[in-house]
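Colleague: Using only what follows, build the 3D model:
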Amino acid sequence: MIEENQTHEETTSDNTQSQHDLTNDNNAEQIARTQSDQAKPREPREQRGANRHHSHKDRADGGRPPQNRGNQNRRENPNGETTAKRKVPASGYGWDNDRLKAFATNEEVQKNRLDPNTRIDLKSNGKIKITPLGGLGEIGGNMMIIETDKSAIIVDVGMSFPDETMHGVDILIPDFTYLRTIRNKVSGILITHGHEDHIGAMAYLFKEMQFPVYGTSLPLEMISSKFDEHRIKEHKSYLRAIQKRKPIKIGDFEVEWLHITHSIIDCSALAIKTPAGTILHTGDFKIDHTPIDGYPTDLHRLAYYGEKGILALLSDSTNSHNPGFTRSERTVGPTFDRIFATAKGRVIMSTFSSNIHRVAQAIEYGLKYGRKICVIGRSMEKNLDIAMRLGYIKFPKDQFIDAHHVNKYKESEILIVTTGSQGEPMSALFRMSVHEHRHIKIKPQDQVILSARAIPGNEAGVSQVINHLQKAGAAVAYQDYADIHVSGHAGQEEQKLMIRLCKPKFFLPVHGEYNHAVKHGKTAVSCGVEERNVYIMSDGEQIEITPKAMKKLKSVKTGKSYIDNQRNNKISNDVVIDRQTMANDGVVMIVAQISLNERKLVTPAKITTFGLTGGKAQGYLVKELEDVLSHFLDNIKPGIMQSNKALEDELRKVIRKHCVRKFQKYPMIVPTLLVQ
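Modeller: As a prediction, this is how the structure comes out:
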């Protein structure tokens, strides 16, 4: 046995040296056996079955030959010595090994292509800071700063709408306090698109600070128009038109604008190369494969950057709770067609003035049914004029008429495109509905189309304008048509596609309320982003990102500034607070003449209250306040009488305490004291 093993080892060594010869021998043996088998007479069917059964038994141990057949695996070598016969794998064993190797290799390829670390320079010492000043935890007011130690860029400068407690406030703009501290290193402003919540605060920023502004033609033209309104035309020299798919150097950054679809023409995502890696900011987006202008989202370029490696993805979260895909803008067209086909009188269509493609579809069907087009509303007229002048849309100008010419045509020959889809009290549609518009008043035969969804907080205003329209006899198409409006923001499946194309290491959901960002973050985790690499930012939080880690640094001052849009001026915070106090808690006004020496009223005080009580109760309240005033003067410290301001402040406290005890209110106290 030992000799046989030694012989086997020697033969194995010889076989290793002469592998090619043995392979040829084996092949010759197999060919000989095959020819011999073919020469044998065919066995009866029963015998073949028995042989197959016996063969199955032999292979019951997984294909290995039974132990008692060990001697059959031996043969004589050319020198007559007995050696172990080289085993020949059963048919397919080599192919199985190849498949296993291919599977392992492909599995590694899959892991590598999904691992962002394979495309990011983890040895880089670069770092960037991201500071949102608006647009997180809210709808609108988008503004973000991305900076290195030496350079900074701003992404969008938008406005938002006030709530019902902000009396006399038309719009809100971000607080620029932090921007003032870094203004010397700001290299430029990047504009993603022309919606007001992304460019609406530009004029107010430029009244204080000026930087180069980079964007596509339409948003820049809209900003230029705002500069005209605010009488700062000289700042138009800062506007820089860019070409999509052409990276440009801005400070420490290299930025490329990528085409994306939304509810306004010429939107862009931003690919921003930084010292730490590439950041991709989607701006507002949806993935519309059949847009009105025929220019779908540039998925190829997004995928290109995804393959190159994206450090962080900042993605629109507005519709993160909506499953599936957002419908194409083209789905609105057939709805318009049905409404226009059955309308007997005038058709009045209202939507966002910036939604040029929606307006274009309405005009297209108006012309199809032989209607003249009347555009009413300053922002609607301005945006449509810009879009036509730049060539984004094309319509014959002779089909447009002025508002004062509408009555010269039959009602069935008129289409009015106007503002007011959000129920704004000063909008053209609202004034038409209450018969306050100079040229157009709602009639019973009118068909009104509200092709817009109410912005959160505007529901009451939209409901009010619908009530006015229906009281005037008009038919209103709004929620009873499923396809009368489509969103401009991505649903969950589009958000997933964006994440899969970009394959980012870090994910920062932006745009939308806090619950939208949380949901979007969960979607990112389901698409392979590590949960620890997802962060839900808030306005003012400063985040530092390096190729290896992401961390919060600090919080900077942020908030909102109040704007009176009628005068294009800021309103101080104190004024807004005073308005809120008067509206919620009322006012107490006191006019009194006081003797300094006697510390008594020279004449009876004049006390007036608003918003606290009425009727006879108001008379009782005035009497109580007179008694409070007399008691106050009897017990006042002599030193306070020397300062009129100090005396008024102390009186405010005393009167307010009485009102709190009696009404649980904190009214505004307005004392006017004359000390003599």
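
Colleague: Surely Ile386 is in a helix?
Modeller: Yes - counting by DSSP: H, G, I helix; E, B strand; the rest coil, Ile386 falls inside a helix.

Colleague: Setting aside sequence-adjacent positions, which residue approaches it most closely?
Modeller: Glu221 (4.9 Å; Cβ to Cβ, 6 or more residues apart in numbering). To be clear about C-beta, it is placed using only N, CA and C from the backbone, and glycine gets the same treatment.

Colleague: Can you read off the pLDDT for the one you found?
Modeller: With respect to pLDDT, Glu221 scores 96.

Colleague: now do Thr105
Modeller: Thr105 is given a pLDDT of 87.

Colleague: Any idea how many residues pack against Gln464?
Modeller: 15 (other Cβ atoms under 10 Å).

Colleague: Surely it is in contact with Gln422?
Modeller: No - counting by Cβ atoms under 8 Å, Gln464 does not reach Gln422; the two are 10.9 Å apart.

Colleague: Now the common contact residues for these two.
Modeller: Common contacts of Gln464 and Gln422 (Cβ atoms under 8 Å, 6 or more residues apart in numbering): none found.

Colleague: ok, so what distance separates Asp298 from Gly391?
Modeller: As judged by Cβ to Cβ, to the nearest Å, Asp298 and Gly391 stand 20 Å apart.

Colleague: Neighbour count: those two, which is higher?
Modeller: Asp298 (18 against 8).

Colleague: give me the beta-bridge partners of the closest residue to the more buried one other than its chain neighbours?
Modeller: Spatial nearest neighbour of Asp298, excluding adjacent residues (Cβ to Cβ, 6+ apart): His259 at 4.4 Å. Here His259 sits in beta bridges with Ser268, as judged by DSSP bridges.

Colleague: Wait, His259 touches Gly294, no?
Modeller: No - assessed by Cβ under 8 Å, His259 is found out of contact with Gly294, at 11.5 Å.

Colleague: Looking at these two, which one has more neighbours?
Modeller: The residue with more neighbours, out of His259 and Gly294, is His259; 19 against 6, by other Cβ under 10 Å.

Colleague: Show the pLDDT at that one.
Modeller: On the pLDDT scale, His259 gets 98.

Colleague: hmm, back to that, and the residue nearest to Ile386, how many residues sit next to it?
Modeller: 20.

Colleague: What of Arg330?
Modeller: 16.

Colleague: same thing with Asp337?
Modeller: 15.

Colleague: Also Asp98?
Modeller: Neighbours of Asp98 using other Cβ under 10 Å come to 10.

Colleague: same deal with Ser217?
Modeller: For Ser217, using other Cβ under 10 Å, the count is 17.

Colleague: Same check on the one 5 residues further on?
Modeller: When neighbours are defined as other Cβ under 10 Å, Met222 has 25 of them.

Colleague: same deal with the one 3 residues further on?
Modeller: Look at Ser225: counted by other Cβ under 10 Å, it has 16 neighbours.

Colleague: now the stretch of helix or strand Asp337 belongs to, how far from the centre of its chain.
Modeller: Counting by DSSP states H and E, the element that carries Asp337 is helix 332-342. How far helix 332-342 lies from its chain's middle: 30 Å, per Cα atoms, centre = their mean, to the nearest Å.

Colleague: quick one: contacts of that helix?
Modeller: Counting by Cβ under 8 Å, 6+ apart, 347, 349, 358, 361-362, 364-366, 368-369, 371, 447, 449, 451, 477, 481, 483-486 sit against helix 332-342.

Colleague: Using neighbour counts, trim those residues to the buried set.
Modeller: For the contacts of helix 332-342, a burial check counting by 16 or more other Cβ atoms under 10 Å picks out 347, 349, 358, 361-362, 364-366, 371, 447, 449, 451, 477, 481, 484-486.

Colleague: Which ones among the residues you listed map onto helices?
Modeller: 358, 361-362, 364-366 (DSSP state H).

Colleague: Between those residues, which sits nearest Met432?
Modeller: Set against Met432, the nearest of these by Cβ to Cβ is Ala362 (16.6 Å).

Colleague: contacting residues for the closest one?
Modeller: Contacts of Ala362 (Cβ under 8 Å, 6+ apart): 336, 349, 351, 415, 417, 449, 451.

Colleague: burial count for the fourth one?
Modeller: Neighbouring residues of Leu415 were enumerated by other Cβ under 10 Å; the total is 26.

Colleague: ok, it touching Val375?
Modeller: No - contact status for Leu415 versus Val375: not in contact, 9.5 Å apart, counting by Cβ under 8 Å.

Colleague: okay, and the common contacts of those two?
Modeller: Common neighbours of Leu415 and Val375 (Cβ under 8 Å, 6+ apart) do not exist.

Colleague: So which of the contacts of helix 332-342 sit within strands?
Modeller: Taking DSSP state E as the definition of strands, the contacts of helix 332-342 contribute 347, 349, 447, 449, 477.

Colleague: how long is stretch 292-299 from one end to the other?
Modeller: 17 Å (Cα to Cα, to the nearest Å).

Colleague: follow-up on the earlier one: for my notes, please list the ones in strands among the contacts of helix 332-342 in a markdown table and give distance to Tyr204 and pLDDT for each entry.
Modeller: Compiled in a markdown table, the ones in strands among the contacts of helix 332-342 are given as follows (distance: Cβ to Cβ, whole Å; pLDDT from 0 to 100):
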| residue | distance to Tyr204 | pLDDT |
| --- | --- | --- |
| Val347 | 37 | 97 |
| Met349 | 31 | 97 |
| Gln447 | 39 | 96 |
| Ile449 | 33 | 96 |
| Ala477 | 37 | 94 |
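
Colleague: can you redo these as CSV with distance to Phe103?
Modeller: Shown next, in CSV, are the ones in strands among the contacts of helix 332-342 (distance: Cβ to Cβ, whole Å):
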residue, distance to Phe103
Val347, 63
Met349, 59
Gln447, 63
Ile449, 58
Ala477, 58
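
Colleague: Nothing else from me, thank you.
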